[in-house]
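[1] Have a look at this prediction, sequence included:
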Amino acid sequence: MDDELWDLIDAAGAPVGRTHRRGDPRFPAGLFHVVASVCVVRGDGLVLLTRRAAGKDWGLTWEFPAGSALTGESSEQAAVRELQEETGVRVSTSDLRLVGRLTERTALFDVYVTHVAGDPVLAFDPEEVCESAWVPFAEAMRRGAAGEMAGPWTPRLEQLGERLAVLVEAGDSRRNRR
């Protein structure tokens, strides 16, 4: 994993023509990489939370599946890849609806929502995920407020929770494109 390269971007999201190797502690000041997350909503309105594997940072805490965009990958492509790698759930980039982008210390963090039919079969990457739960969106918010989600999710949900709730409730995200 530490051999992964990330494209570096400026605060506006524009590429700067440089890369950064995952795990290198010398992250360039004033630059960022893209991290993308997906809130999956199944047919009955429940959302997918995954529990981080014990050996990861924030181990055994909950989150929406997420990960860094690799060199040459768009935010949407990273979201789709990470969701499939971590959970086995397959969606296309056209199924995603952007909730919002947050500026974090070294990342521009994009949150997407997607709606899937039925009850998808899950297949976890055990190095990433140890457990999952389909919960009402209000329960995800409760877990965030209670500190049960990975630490970075508390401010993310504080900032994007209301918009995410609207899009979770909106039904098929493809119907709601602007």
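    Happy to help now that I have it. Being a predicted model, the structure only gives us computed values, none of them experimental. Residues are numbered from 1 along each chain as shown.
[2] can you pull the contacts of the spatially most central residue of the chain?
    The chain has S37 as the residue nearest its centroid, 1.2 Å off, counting by C-alpha atoms, centre = their mean. By C-beta atoms under 8 Å, 6 or more residues apart in numbering, the contact list for S37 reads 63-66, 79, 82, 109-112. To be clear about C-beta, it is placed using only N, CA and C from the backbone, and glycine gets the same treatment.
[3] So which of those sit within strands?
    63, 66, 109-112 (DSSP state E).
[4] can you give me the offset of the longest helix seen in the chain from its chain's centre?
    The helix spanning the most residues in the chain, taking DSSP state H as the definition, is helix 153-169. Put simply, helix 153-169 sits 12 Å off its chain's centre (C-alpha atoms, centre = their mean, to the nearest Å).
[5] do stretch 107-118 as well
    Counting by C-alpha atoms, centre = their mean, stretch 107-118 comes out at 6 Å from the chain centroid.
[6] same check, this time on stretch 101-119
    That offset, for stretch 101-119, works out to 4 Å (C-alpha atoms, centre = their mean).
[7] so how far does it reach from one end to the other?
    28 Å (C-alpha to C-alpha, to the nearest Å).
[8] for stretch 39-55, same thing?
    OK, stretch 39-55 end separation, C-alpha to C-alpha: 23 Å.
[9] list the buried ones in it?
    Within stretch 39-55, the residues scored as buried using 16 or more other C-beta atoms under 10 Å are 39-42, 46-53.
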